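> Give me the fold of what follows.
(one chain, ligands or ions: 1)
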Amino acid sequence: MATQRITDFLATRRPEGPCLIVDLDVVRDNFHGFRKALPDSAIFYAVKANPAPEILSLLASLGSNFDCASVAEVEMALAAGASADRISYGNTIKKERDIARAHGLGVSLFAVDCVEEVEKVARAAPGARVFCRVLTDGAGAEWPLSRKFGCVPVMAIDVLEAAHRLGLVATGVSFHVGSQQTNTEAWDGALADAAFVFQTLAERGIFLTLVNMGGGFPTRYLKDVPTAEAYGRSIFDALRRHFGNHLPETIIEPGRGMVGDAGVIKAEVVLVSRKSATDENRWVYLDIGKFGGLAETMDEAIRYPIVTGRDDDQKEPCILAGPTCDSADVLYEKMPYPLPITLTVGDEVLIKGTGAYTTTYASVAFNGIEPLRAYII
Ligand SMILES: *Cc1c(COP(=O)(O)O)cnc(C)c1O
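Here you go, the predicted structure:
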């Protein structure tokens with residue numbers, strides 16, 4: 001994870017302050033890994049995971065498509081060299097004028113999860129293709145995306161029928177099994193739901209063609225995760241099980257799995273202290289916290305591997321916190337984090353697996369701290 005290129009960059013450039021370094025070679029390897037694991041699925045990189053222009057340009061040059069959450073992300077994907085037919089507007093919650101702007105830029109593939117959203121798309125992007133997102137339970141995911149997006153499969157039938165009636169192309173079904181999904185079987189239930197929607201609509205003369213299987217592919221944090229091949233096999237088996245010989249066109253939208261392990265954050269210990277002479281746990285304060293880009297430590301959901309220069313020394317659990325004057329800025333407290341007892345002020349720490357969902361979550365100037373800087377190498 002701290003690749004040789006990242007190690008060399010840190011040693012020679014010695015950047016000041018907390019920063020993220022992303023190794024594009026790892027992103028390239030991940031892209032090829034997905035392509036090999038699911039050779040028949042088109043890859044739509046979820047731009048929100050890390051929209052750095054260098055990452056988008058690399059992926060565009062490798063043939064990736066892009067799943068965008070907003071018009072700004074559509075513009076970033078276009079600027080990176082993707083044509084509009086390689087872009088999907090995957091957010092189910094869109095202003096009608098943003099649908100119109102995306103459509104004006106040439107985008108013609110939109111996510112919906114209710115009739116109201118279909119009506120917006122029909123007005124603002126007449127004739128466009130839409131896919132309907134169905135709910136999943138998110139079981140097995142460390143960062144679930146359930147409840148807020150999608151509708152139940154029987155409602156998806158009505159939504160897609162409405163799209164058809166309003167002159168849109170009812171193209172298929174999408175779902176997201178939850179981010180950092182560690183169960184390779186998690187796609188099975190959602191694919192069964194998708195097949196049910198396909199079949200019911202076919203009986204009504206509407207023939208869907210596309211299943212968007214979303215993201216969810218994990219990054220290795222502290223625990224091992226299954227390989228892309230293992231996910232590919234399980235997903236392909238589930239497709240066969242539910243669609244038989246009439247396999248639909250499929251796409252995947254990896255975000256975390258594409259860039260998570262490509263990045264390392266360099267940070268620094270600002271203070272090590274205890275709250276009383278008998279306090280069991282040390283408090284270790286870093287120069288980065290929840291507001292500096294580590295928002296996914298919310299509820300201690302994502303537990304990043306942390307490397308120090310003293311890892312051969314004895315370790316004891318400590319409460320790890322960020323530098324801001326906000327008591328919510330604590331990274332790990334319910335489950336204290338083991339760090340070397342010799343760790344001291346000024347020590348550098350490397351926080352691994354931080355290529356996804358970090359820079360864009362950093363606040364603009366909370367406590368006067370600048371947003372997380374990124375070096376894409
Ligand atoms: C966030 C998101 C993704 C990416 O999810 P990961 O778990 O990071 O792979 C894919 N599709 C949609 C619609 C998303 O909102």
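> The stretch 101-250 of the chain against the ligand: which residues are in contact?
With the criterion set to Cβ under 6 Å from any ligand atom, the stretch 101-250 of the chain comes near the ligand through 176, 179, 214-217. Every residue, glycine included, has its C-beta placed from N, CA and C.
> Spell out which helix or strand contains the residue of the chain at minimum distance from the ligand, please.
Going by Cβ to the nearest ligand atom, the ligand is nearest to Gly215 of the chain, at 2.2 Å. Secondary structure from DSSP states H and E places Gly215 outside every helix and strand.
> got a list of what it touches?
46, 49, 176, 179, 252-257 (Cβ atoms under 8 Å, 6 or more residues apart in numbering).
> One more: Leu247?
Leu247 touches 40, 239-240, counting by Cβ under 8 Å, 6+ apart.
> neighbour-wise, which of those leads?
Counting neighbours by other Cβ atoms under 10 Å, Leu239 leads those with 23 neighbours.
> Name all residues that make contact with the residue nearest to Ser273 when sequence neighbours are not counted.
Leaving out its chain neighbours, the residue that sits closest to Ser273 by Cβ to Cβ, 6 or more residues apart in numbering is Trp283, at 5.3 Å. Applying Cβ under 8 Å, 6+ apart, one finds that Trp283 lies in contact with 271-275, 318-319, 321.
> Low-confidence bits of this structure, can you list those?
Low-confidence segments of the chain (pLDDT under 70): 1.
> From the recorded domain assignment, give the ranges for it.
For the chain, automatic domain parsing gives the domain ranges 24-259, 261-376.
> Could you identify which of the ones you listed is most buried?
Ranked by mean neighbour count, the domains of the chain are led by domain 24-259 with a mean of 20 (mean count of other Cβ atoms under 10 Å).
> how long is that one from one end to the other?
9 Å (Cα to Cα, to the nearest Å).
> Now do it: distance to the chain's middle.
Taking Cα atoms, centre = their mean, to the nearest Å, the mean C-alpha location of domain 24-259 is offset from the chain mean by 12 Å.
> how far out from the middle of the chain is stretch 342-352?
27 Å.
> residue ranges for the helices of the protein, please.
For the chain, helices defined by DSSP state H occupy the ranges 4-13, 24-37, 53-62, 71-79, 96-104, 115-124, 153-165, 187-203, 228-243, 256-259.
> Reformat these as JSON lines; add distance to Arg373.
Formatted as JSON lines, the helices of the chain follow (distance: least, Cβ to Cβ, whole Å):
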{"stretch": "helix 4-13", "distance to Arg373": "12"}
{"stretch": "helix 24-37", "distance to Arg373": "17"}
{"stretch": "helix 53-62", "distance to Arg373": "14"}
{"stretch": "helix 71-79", "distance to Arg373": "18"}
{"stretch": "helix 96-104", "distance to Arg373": "29"}
{"stretch": "helix 115-124", "distance to Arg373": "37"}
{"stretch": "helix 153-165", "distance to Arg373": "42"}
{"stretch": "helix 187-203", "distance to Arg373": "36"}
{"stretch": "helix 228-243", "distance to Arg373": "30"}
{"stretch": "helix 256-259", "distance to Arg373": "16"}
